[in-house]
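>>> generate a structure from the sequence data that follows.
(chains A and B)
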Amino acid sequence: MSSDTSTRRGAWLWLFGVLCLLLVAGLRWPEDSWLATDIRGLLPEAPSSVWEKAASEMASARYEGQLLLVVRSDDRGQSQVFLDSAVSQLVAAGYADPDFGQVQADRWNVLSKKLDPYRISLLTAADRARLQSAPEEYLRDFQRLLYSPLGGSWLNTLPTDLLGLYRKFLVFAAPTPPQVIEPGTAVEVVQILPDKLGLDQLPALYELYLDLGLQARSQGVIFHSLGAPLYTAYGVTTGRQEMYTIGLVSLLALTLLLLWFLRSPQALMLSLVCVAAGVAGGLVFAVSVLQQIHLLTLVFGATLIGIAADYAFHYFAHSLLPTWDREQGLASVLRGLTLSVLSSSLAFIALALLPFPGVRQIGIFMASGLLCSYATVCLLFPALYRGVSSSRKLPDILLPAQRTGRKFVFLVAVLAIALPGILLLHSRDDVRDFYAVPAQLAEDEKAIIEALGLPAADSRFLLLEAPDEDSLLRLEEKVLVANETPLRGITSLVPSIETQLENIALQQRLLTSGVLDSHLHALGLDGFREAYKEQLLSDFDPLTIASLEGLTLPLGTGGFVGCDATGCASWMGLAGVKPEQLVALESSVTVVDQVGGINRMLGRYREGVALMLVSGILAVLIFLGVVLGWRRALNIVLVPTVASLLSLAVIGYTAGGYSIINLLGLLLVIGVSLDYAIFRVLTPGPAQAATSLAISLSAMTSLLAFGMLALSRTPVISDFGQTIALGLVFALWLSWTQVERSEA
Amino acid sequence: MKLTARFLVLFFIVVTCAVGASEENPLLQKLAERLEFHQSVEGDFRQEKYLYFMQRPMVSTGTFSMSRRNGLRWQVIEPVASLMTVQGHAVMLDGSPVKDQGVGQLMAMIMLGFMDGDLLGLDRSFSVSGDISADHWQLSLIPDTLLLRSVLQRIELRGDRYLRQIEVIEESMTRTRINFSDVREIQAKEGVGVE
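Got it, this is the predicted structure:
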């Protein structure tokens, strides 16, 4: 078969591969959003109970789409005017739900109607205690309220709520709204519409937030806002900017370097095709297999540009050699390319084995992307690339010096200096370090907490478990009775049967003792006595959680998680209460620390990735040892190993703390530096200049890309970038100075 | 219980009763020219609550004092003694803070406005209409916001040199009528502070 025929066949095969990939994408592309932004999607499933997981989702969802708006000035009227304008702008922009208040009102309406038949058995704990200890005083206070200007709404419900008990029960069940401490402050809560919480919509919300701040300043007021949508909006905005910036800068660097060194627009175009094939192929494959990937995977995936370009660089750099010809062009680099892609893919596929969704996504994305780039170089380049118009001798500076014994001694000395740095390393497993909180939002949070006297944000909550519903309610009441705290749970709406019976018995005693008669007479409501008595003596029909089935409860109420064959569960937010201050917590009451749980998982998987790192290097060593012989294998593996250790040492000296993100960066360093070492070892002496050129081009473009990551405002990305940048510098230096090359 | 829910709803709104500069209402401007204004006033009141389920009104009597610095002090003497104070957002009943569903602050806003002449704030939450003659006037306030309208139908105000009567008509046809008498400026003594 002529080489022309085989190269054309290769090109057709490549095209066939692209069509197959597109077909797979068409069949497997998800209908829902394929791009996630929630950091929890990157983390592994915590080994928690079904109840803990369900309660965590409920606790997170409770205030997920809400924004708290606070406006401060010397004049509350002025603050209110601006606040109204801010809400109007959010509504006009389509973010704020204009019907939020009405929706909540409707829900309360429905709930109060649902509970009304059971009202005779519904009392707050405080009212029950007062009626037991000082009923006359309680009733007198109620009368004072009725005769004051504040009593209007209580009067309207008197016929069916003679003591105001049911009304107080409902008022107590409602969450306490933010209480303004500073005069001149206006407050409002807005609900962001669910379809505006998507990835595409949120960046504009952040822009509007910044704009409102500027408007406020121009009008002499101060505007603050707090809420999960803003943090997500900031994350999406910066992530997108960085993705475009990093990708564009990488491409630009790639373009300029290729044009300068290779002087071939055709080489430039084919390099871009190689890179595009890698990124697109990796994306299509990852989404087709996983159905959804995270935004951060895409950000990390942008670095694939630098790695995928390596294969193109080796091909084109060797085309500059005087002995290069189109028919044999691929043969001179095929072995190196194949070993590189196999060893790198081996390392990335190993990541996919970890039960860590984010790592798995990156592993699949990178491995499949590299394979697509490799296929592009091997199948497409020989058919399309004609070589440069005139060959030229590569400069001698590109020929690395042969390794000597003194270099080996030097290497040992370097490692000895690095050892203290490695010993300074300590783990830093905190998911909160992954995200950056912009200064503006951090200031707003502090100001709002001060203005409203809010407790500091706490993601912890209590999880209660019991064999059945009523046991659960009694357990919750026991916790609440033992701890005089602002905790609220499902018992705010549904007391236990025992409590309901006590409430009825208490009122019956008031009736028989004559205390109630005096109260009714004082109000002129004697005519309602018999109806009330009839209610108290009627057959007891308990209110149960099942009675509320099908209702959408108002915001801030509820807490019932569910029941199954094993039992029932509910949750209560801590509302600023420290768990250490709670007493009488039985074993069936658990303090769930969502963030703490995630951090513990991060630590476990950091250890797993570290083990995978060592195992990966050993696996590559064994693989290369079998293929190339042990001396060469050791020679190759030396580069990624020492580069990784030196990177860790620098991190130890500078930052001290390291996390799973640093280790993920090292996995990438290993993949790239293996390429350097493999080509250095396999390339014959006369062609070493081409390899040097390719390695240098690769390092320069990769450093530009990863260096940009190191400047990211998102800590998780900057840590990743810094680690890779360090590792590449060391790998480049080692590949130039420490690798024993083939003289053949 | 529908009414109960409606009042609970008021937890979720901010009663926009701040007195502030607003569009000028010619009726209120004209009224302002008729009224006597002071820094602080006091007087007596008689409050009658007409409930749909009762044949006779619930009556209470007492005294009040009002100043912009110290807010509203509302002392019920008969039939059951109580003291309500409103100062800014803080509403207290017999020394204990209460969750005011807007009623206390609304009353304070109206009375403050008629005390010191800053009536334009009424425009913020109500559509104002009425009648002014040589020696008396009458205003009708209809709530502008949906949620306030779900609680109140309208507020009727009547008076001469001073505000003499507030009548709150609610959606349930419950009416509260407050008559003020012996209204006088607080002279040569400190405005009564909030207890």
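
>>> surely B:Leu83 is within a strand?
Yes: assessed with DSSP: H, G, I helix; E, B strand; the rest coil, B:Leu83 lies in a strand.

>>> hang on, isn't it packed against B:Arg73?
Yes: here B:Leu83 reaches B:Arg73: they are 7.1 Å apart, a contact under CB atoms under 8 Å. Any C-beta I mention is one placed from the backbone N, CA and C, and that applies to glycine too.

>>> between those two, which has more neighbouring residues?
Higher neighbour count among B:Leu83 and B:Arg73: B:Arg73, with 22 against 17, using other CB atoms under 10 Å in any protein chain shown.

>>> how about that one: what's its closest non-neighbour residue?
Using CB to CB, 6 or more residues apart in numbering or on different chains and skipping residues adjacent in sequence, the residue nearest B:Arg73 is B:Ser65, 4.7 Å away.

>>> pLDDT score assigned to that neighbour?
Note on B:Ser65: pLDDT of 91.

>>> now it. Its backbone dihedrals?
For B:Ser65, the backbone dihedrals (degrees, to the nearest 10) come out as phi -140, psi 150.

>>> how about A:Arg263?
Per degrees, to the nearest 10, the backbone of A:Arg263 is at phi 50, psi 40.

>>> can you check B:Arg68 too?
Per degrees, to the nearest 10, the backbone of B:Arg68 is at phi -70, psi -30.

>>> secondary structure class for B:Ala32?
helix.

>>> also the one 4 residues further on?
Taking three-state DSSP as the rule, one finds B:Glu36 in the coil state.

>>> any regions of chain B where pLDDT drops low?
Scanning chain B for pLDDT under 70 picks out B:1-24, B:99-103, B:146-147, B:150, B:172, B:188-195.

>>> so which residue is dead centre in it?
Against the mean C-alpha coordinate of chain B, by CA atoms, centre = their mean, the closest residue is B:Met107 at 2.5 Å.

>>> all helices of the stretch 201-350 of chain A, in order?
Applying DSSP state H, counting those that start in this stretch to the stretch 201-350 of chain A gives helices spanning A:202-218, A:228-262, A:265-290, A:295-301, A:304-318, A:331-352.

>>> the inter-axis angle of the third one versus helix A:304-318?
I take that to be helix A:265-290. Computed by axes from the mean of the first three to the mean of the last three CA atoms, to 10 degrees, the angle separating helix A:265-290 from helix A:304-318 equals 140 degrees.

>>> got the buried residues for helix A:265-290?
Within helix A:265-290, the residues that count as buried by 16 or more other CB atoms under 10 Å in any protein chain shown are A:267-268, A:270-290.

>>> what helix or strand is A:Asp470 on?
helix A:469-482 (DSSP states H and E).

>>> now that helix - C-alpha only, CSV.
Only the C-alpha atoms of helix A:469-482 are listed here, as CSV (Å, rounded to 0.1, in the frame of the first residue of the first chain):
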residue,chain,number,x,y,z
GLU,A,469,-44.4,9.6,64.0
ASP,A,470,-45.7,10.3,67.4
SER,A,471,-42.5,9.1,69.1
LEU,A,472,-40.6,11.5,66.8
LEU,A,473,-42.9,14.4,67.9
ARG,A,474,-42.4,13.5,71.6
LEU,A,475,-38.7,13.4,71.1
GLU,A,476,-38.6,16.8,69.5
GLU,A,477,-40.8,18.2,72.3
LYS,A,478,-38.4,16.7,74.8
VAL,A,479,-35.4,18.5,73.2
LEU,A,480,-37.3,21.8,73.1
VAL,A,481,-38.5,21.6,76.7
ALA,A,482,-35.0,20.8,77.9
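
>>> what distance separates the following helix or strand past it from the centre of its chain?
Using DSSP H and E, the helix or strand that follows helix A:469-482 in sequence is helix A:497-513. Relative to its chain's centre, helix A:497-513 lies at 51 Å (CA atoms, centre = their mean, to the nearest Å).

>>> ok, now stretch A:209-224?
How far stretch A:209-224 lies from its chain's middle: 29 Å, per CA atoms, centre = their mean.

>>> what's next to that stretch, contact-wise?
Residues outside stretch A:209-224 that contact it (CB atoms under 8 Å, 6 or more residues apart in numbering or on different chains): A:69-73, A:78-79, A:82, A:85-86, A:89, A:225, A:230, A:233, A:440, A:443-444, A:447-448, A:451.

>>> let's see that with 7 Å instead.
For stretch A:209-224, contacts defined as CB atoms under 7 Å, 6 or more residues apart in numbering or on different chains pick out A:70-73, A:78-79, A:82, A:86, A:89, A:225, A:230, A:444, A:447-448.

>>> quick one: classify A:Pro98 as helix, strand or coil.
Local secondary structure at A:Pro98 is given as coil here, using three-state DSSP.

>>> for chain B, what is the nearest residue in chain A?
At 2.8 Å from chain B, A:Gly77 is the closest residue in chain A, using CB to the nearest CB.

>>> for that residue, phi and psi?
In terms of degrees, to the nearest 10, the main-chain angles of A:Gly77 are phi -60, psi -40.

>>> alright, I will stop here.
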